[in-house]
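**Q** everything below, folded, please.
(chains A and B)
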There are 2 protein chains.
Amino acid sequence: MTADFDRTYMARALQLAEKGRGKTSPNPLVGAVIVKSSEIISEGYHKAVGKDHAEIMALKNAQESVAGSTLYVNLEPCCHTGRTGPCTEAIIQNKIKKVVIGIKDPNKLVNGKGIRQLKKAGIEVVINVLINESFYINDSYIFYHLNKRPFVTLKLAQTLDGKIATLSHESKYLSSKKSLTYVHKLRADVDAVVIGSQTAKYDNPQLTVRLSKGQNPYCIILSRSLNFSDSLNLIKNNADYKTIIASTEKSLKTFSQKKNNVITWTLKSQRDKIDLHDFLDKAKQFNISSILCEGGSKLASSFITQKLVDKIVLVTVPKIMGKGIDSFTSFKTDKLSDMVGFNKHYTFKSGEDTIFVGYPKWGKA
Amino acid sequence: MTADFDRTYMARALQLAEKGRGKTSPNPLVGAVIVKSSEIISEGYHKAVGKDHAEIMALKNAQESVAGSTLYVNLEPCCHTGRTGPCTEAIIQNKIKKVVIGIKDPNKLVNGKGIRQLKKAGIEVVINVLINESFYINDSYIFYHLNKRPFVTLKLAQTLDGKIATLSHESKYLSSKKSLTYVHKLRADVDAVVIGSQTAKYDNPQLTVRLSKGQNPYCIILSRSLNFSDSLNLIKNNADYKTIIASTEKSLKTFSQKKNNVITWTLKSQRDKIDLHDFLDKAKQFNISSILCEGGSKLASSFITQKLVDKIVLVTVPKIMGKGIDSFTSFKTDKLSDMVGFNKHYTFKSGEDTIFVGYPKWGKA
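**A** Just a heads-up that it's a prediction; the model follows:
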């Protein structure tokens, strides 16, 4: 029974945490619920980077004494002073009796230290309640701190038969308004969006967050050839200096980088191909912890081939195109057992479209 | 309120109708509910061809007098004597007061005559209650009687990126056991299954109903080239004489048709391609009212290109293949507006897979 109660309150904490989506990076999404005598007496969530942590907001919001109560929080409380003070201290001072935690915070500044501090102060601590949900809500944050490289989400909008554009590169707008809104939310949720030169050239996207709330990510054109014109939206409308051109030294020499304060990254290349590991290293140095790859097919295939995709989002529209540009044009598997599978995946409706979200499990190849 | 009640009882009639699936062809799926003083007093459905119609079973099942009650039935009651007597007569004799009908039966032997007979006898008749559901449950039956040609369902099992096999034609078994069971149900539901020569050659399928109940359909190999060996399962194991080879006169000359009593259909061809209209005409002459096309890609593309697909079932497995054989390899659209869309479509989970079912709306091409 207690476990059931714990899951119920943790689910509420996760629901609150969601409210901060798009506004907390590099911080995680965190919600907190304070329960006394089986009743919720206060709630809080991390609204945005620099603002109070969820636990602090919940403590401040309480209209009665929280002494002796239980705190539910989807991520281990922090024990360090960053932009705000340590949460563990506030929890101890407020005489919270028990803390129920979704998942341990792998950030090296926390990583179990928060739990130890609470226990040392005599507080009962329960961990791993709704652990999967607590991971998925902060997948990129947790991945980044565990693996020390940016979390890569690959998003493609395709037809039922796996085509992202006609042979003449027509693809605007394949998906529904509702799905576009979802994609804008994905953008608000990452530090950077990356596209290849074909997408830059034929789609000429803005890659901004317009249909949702949240800040614009960095926009990276990752291309060996830089085969596009300077009048691209990303170059022309770069008022916030958020466009990055990532290419080889040779290609960048001929590229007028001063134009509109475009940032350039010089990347290593191997056999005429840009080294994606070097790209992710550069991104990390730039404090980018999460990247959304929005295609096209060649870039998506490169990331997939090198097993550098951590989450795949496929927006499928109910249309059949027949011949067209494949979603993964240059990714190759020889046997069924070589295919990319998924550790966890789910599908949901988005207007007329269906959105698939999955965490890849790599095949034998 | 009455309309709400009507929909509730009609939904129950549809649920009962489903019980006959796979066993009623060439008859439709029909369920009947008898309601008196807001209570269901009897139910029935059409169990199998040759058995009682749903209305008769419901009348026979009643434990009390049905006089003055309301009968709910998803298809217009018949008024002709076929394998069984006319339902309208039984309804009138049993003093049913009101008949609520899902959809008019387009079979020329009924087609409004049933409704007229009931009205003439002073019975109140309401039609078009849950009309969409009543159409979809008998889509092939209604289509066949309206359009006088077999209803064609196209089914393909594909990866998320729209591939049905590896480049070396490996495709067994892409989809989950649950999806295979669903496909066997589709087979039990049609008069014939058709495949192309590539599928015959590389998959060597049995096309029988094994994972579900129901009778085996005719198995048609539709091929101009007949480029496969005589040791195919469909030719070797043809104990029930249900294999049909449909090809051109020229190709059939070299084909040893006496082998295992395989039936042959000689079809017209145009510019080296078999005339699919002629194929459907032959099927109709053979009393085939519904056909399931199970690929491969070339045959699927031919049906799609000629707009001869009435329902598409796509089983999508959560895998990414990259390069492989496309679901619709030779279907071509030049613009997004040329794509095949859908009038109605829905998606459901099938184990790990997702199954899309849609009724095509043809593009501008």
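**Q** got the CA coordinates for stretch A:339-348 in PDB?
**A** Taking C-alpha atoms only, stretch A:339-348 is exported to PDB below (Å, rounded to 0.1, in the frame of the first residue of the first chain):
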ATOM      1  CA  MET A 339      18.500  -3.700 -37.800                       C
ATOM      2  CA  VAL A 340      18.200  -1.000 -35.100                       C
ATOM      3  CA  GLY A 341      15.700  -2.000 -32.500                       C
ATOM      4  CA  PHE A 342      14.500  -0.200 -29.400                       C
ATOM      5  CA  ASN A 343      14.900  -0.600 -25.600                       C
ATOM      6  CA  LYS A 344      11.800   1.300 -24.900                       C
ATOM      7  CA  HIS A 345       9.400   2.800 -27.400                       C
ATOM      8  CA  TYR A 346       5.900   4.200 -27.500                       C
ATOM      9  CA  THR A 347       3.600   5.600 -30.100                       C
ATOM     10  CA  PHE A 348       1.000   8.400 -29.800                       C
END
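**Q** in it, which residues are buried?
**A** A:Met339, A:Val340, A:Gly341, A:Phe342, A:His345, A:Thr347 (16 or more other CB atoms under 10 Å in any protein chain shown). Placement of C-beta: from N, CA and C, glycine included.
**Q** of these, which are in range of chain B?
**A** A:Met339, A:Val340, A:Gly341, A:Phe342, A:His345, A:Thr347 (CB under 8 Å from any CB of the partner chain).
**Q** which of the residues you listed sits closest to A:Thr266?
**A** Nearest to A:Thr266 out of those is A:Val340 (CB to CB; 30.6 Å).
**Q** which ones are touching the closest one?
**A** By CB atoms under 8 Å, 6 or more residues apart in numbering or on different chains, the residues touching A:Val340 are A:Ile304, A:Thr333, A:Pro360, A:Lys361, A:Trp362, A:Gly363, B:Lys319, B:Ile320.
**Q** output the residues you listed as CSV; include the columns secondary structure and neighbour count.
**A** Below are those laid out as CSV (DSSP: H, G, I helix; E, B strand; the rest coil; neighbours: other CB atoms under 10 Å in any protein chain shown):
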residue, secondary structure, neighbour count
A:Ile304, helix, 23
A:Thr333, coil, 25
A:Pro360, strand, 19
A:Lys361, strand, 14
A:Trp362, coil, 13
A:Gly363, coil, 18
B:Lys319, coil, 24
B:Ile320, strand, 29
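**Q** give me the number of residues near whichever residue of chain A sits closest to chain B?
**A** As assessed by CB to the nearest CB, chain B sits closest to A:Gly162 within chain A, at 2.6 Å. As a burial measure, A:Gly162 scores 28 neighbours (other CB atoms under 10 Å in any protein chain shown).
**Q** spatially nearest residue to it, not counting backbone neighbours?
**A** B:Gly162 (2.6 Å; CB to CB, 6 or more residues apart in numbering or on different chains).
**Q** mind checking pLDDT for the one you found?
**A** With respect to pLDDT, B:Gly162 scores 97.
**Q** report the contact partners of it.
**A** Per CB under 8 Å, 6+ apart, neighbours of B:Gly162: A:Gln158, A:Thr159, A:Leu160, A:Asp161, A:Gly162, A:Lys163, A:Asp326, A:Ser327, B:Asp326, B:Ser327.
**Q** quick one, helices of chain A?
**A** A:2-18, A:54-61, A:87-93, A:113-120, A:131-137, A:139-147, A:177-188, A:197-203, A:233-236, A:249-253, A:276-285, A:297-305 (DSSP state H).
**Q** packing partners of the third one?
**A** I take that to be helix A:87-93. helix A:54-61, helix A:113-120 (3 or more CB pairs under 8 Å, 6 or more residues apart in numbering or on different chains; DSSP states H and E).
**Q** and those helices: which comes nearest B:Thr84?
**A** Short answer: helix A:54-61, nearest of the helices and strands packed on helix A:87-93 by CB to CB, at 69.0 Å.
**Q** helices or strands up against that closest one?
**A** By 3+ CB pairs under 8 Å, 6+ apart, helix A:54-61 packs against helix A:2-18, strand A:31-36, strand A:39-45, strand A:70-75, helix A:87-93.
**Q** and the ones you listed, which is most packed in?
**A** A comparison of those by mean neighbour count, using mean count of other CB atoms under 10 Å in any protein chain shown, puts strand A:70-75 on top with a mean of 30.
**Q** mind listing what that one pairs with, with the direction of each?
**A** Note on strand A:70-75: by DSSP bridges, its sheet partners are strand A:31-36 (antiparallel), strand A:98-103 (parallel).
**Q** make a markdown table from those and add mean pLDDT to it.
**A** Below are the strands paired with strand A:70-75 laid out as a markdown table (pLDDT from 0 to 100):
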| stretch | mean pLDDT |
| --- | --- |
| strand A:31-36 | 98 |
| strand A:98-103 | 98 |
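**Q** distance to B:Ala239 added to these, as CSV?
**A** Formatted as CSV, those follow (distance: least, CB to CB, whole Å):
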stretch, distance to B:Ala239
strand A:31-36, 65
strand A:98-103, 59
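**Q** A:Ala239 is nearest to which of the ones you listed?
**A** strand A:31-36 (34.4 Å).
**Q** CA atoms only: put the closest one into CSV for me.
**A** Taking Å, rounded to 0.1, in the frame of the first residue of the first chain, the C-alpha atoms of strand A:31-36 are listed here in CSV:
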residue,chain,number,x,y,z
GLY,A,31,8.8,18.5,-9.3
ALA,A,32,8.3,18.2,-5.5
VAL,A,33,5.3,17.3,-3.4
ILE,A,34,5.0,17.6,0.4
VAL,A,35,2.7,15.1,2.0
LYS,A,36,1.5,15.2,5.6
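**Q** that strand to helix A:54-61, inter-axis angle?
**A** On the basis of axes from the mean of the first three to the mean of the last three CA atoms, to 10 degrees, strand A:31-36 is oriented at 50 degrees to helix A:54-61.
**Q** need the winner for burial among the helices and strands packed on helix A:87-93.
**A** helix A:54-61 (a mean of 23).
**Q** on that earlier part again, quick check: the farthest pair among the ones next to chain B among the buried residues of stretch A:339-348?
**A** Most distant of those, by CB to CB, are A:Met339 and A:Thr347, 17.7 Å apart.
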